[in-house]
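Novice: Structure of the sequence below:
(one chain, ligands or ions: 2)
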Amino acid sequence: MPLRALIFDVDGTLADTERDAHRVAFNQAFAAAGLPFDWDVPTYGHYLKVTGGKERLRNFLNDHPALPQLSDADIARIHRQKTAFYVEMMNAGLLTLRPGVERLLNAARDTGLPVAIATTTTLANVESLLKTTLGQDGPDRFQVIGAGDIVAHKKPAPDIYTYVLKRLGLPADDCLALEDSENGLRSAVSAGLATVITQNEYTRDQDFSSALRVLDQLGEPDAPAWVLQGKEAGNPVVVDIPVLIQWLAEKA
Ligand code: XBP
Ligand code: MG
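Specialist: Ligands and ions are numbered 1, 2, ... in the order given. Coordinates of the predicted model:
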């Protein structure tokens, strides 16, 4: 199958945003609203199983009936505040892209391979991350950005990948998804996409058995990635477009 587009997840895939950015922004919003709780690193890791910030907060409150319960409108208001804190953090330039991400994006641009985004996070978060890491025109490098509430069902449902494929006008067989989590993998695979996983601290113990390959990162020429699952397991690799073309060709 020809490779005609790369579709990137954002949180955990383009950058390690969850622990030190999303989690911190949630806690800032909880404090600003006078709420008597916050999320430490393990608690946040546990609730990452729920995709979407508003949905994550609702799920947490359901599990803690003794805490003040919030209406949907309150959750939406607190979440808007959380987004503002997150964007502020991005604008301060606190985060960098994961190894190999910018190199791969540049290679796609240089070879005319379209790139797109399929994420559960809010569009403002994606735009601020892309602008501070890739420059003001960062978001324009992506042919489609599918984000947040644009679809009815967030990952692990296939909706966001199906939406992006439709907007790209391409069949799933000709595209490749890059993800970091089991929820993201389930979403992409349900939409028919072969998926490469770059796992991280929060996702390392998740089930990636349906992935094309599992890696620790994309790697750089002077600091390669390691293949953790798949044909070349145990070998170093620097993920570039010829490597991805070769892997996609294995999809029967
Ligand atoms: C990650 C998510 C998001 C973020 C928080 O999605 O599930 O909910 O944790 O962002 P992905 P919001 O890995 O698909 O990018 O608070 O804006 O939902
Ligand atoms: Mg992710």
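Novice: nearest residue to Trp247 other than its sequence neighbours?
Specialist: Leu212 (5.4 Å; CB to CB, 6 or more residues apart in numbering). Just so you know, the C-beta spots here come from the backbone N, C-alpha and C atoms, and that holds for glycine as well.
Novice: got the contact list for the one you found?
Specialist: Counting by CB atoms under 8 Å, 6 or more residues apart in numbering, Leu212 touches 176, 194-196, 230, 247-248, 250-251.
Novice: how about 6 Å then?
Specialist: Counting by CB atoms under 6 Å, 6 or more residues apart in numbering, Leu212 touches 194-196, 247.
Novice: Tell me the pLDDT of it.
Specialist: With respect to pLDDT, Leu212 scores 97.
Novice: That one and Gln143, how far apart?
Specialist: Plainly put, Leu212 is 22 Å away from Gln143 if you go by CB to CB, to the nearest Å.
Novice: Look at the residue in the stretch 51-200 of the chain positioned nearest to ligand 1 and report its pLDDT.
Specialist: Per CB to the nearest ligand atom, Gly53 is where the stretch 51-200 of the chain lies closest to ligand 1, at 2.1 Å. Per-residue pLDDT puts Gly53 at 97.
Novice: Give the helix, strand or coil label for the closest residue to it other than its chain neighbours.
Specialist: Of all residues not flanking Gly53 in the chain, His79 sits nearest, at 5.3 Å (CB to CB, 6+ apart). Classification of His79 using DSSP: H, G, I helix; E, B strand; the rest coil returns helix.
Novice: so His79 sits right up against Arg56, yeah?
Specialist: No. Between His79 and Arg56 there is no contact under CB atoms under 6 Å: 9.4 Å.
Novice: Look at Leu134 and say how many residues are nearby.
Specialist: By the criterion of other CB atoms under 10 Å, Leu134 has 19 neighbours.
Novice: Spell out which parts of this structure neighbour ligand 1.
Specialist: 9-12, 18, 22, 51-53, 119-122, 125, 148, 155, 184 (CB under 6 Å from any ligand atom).
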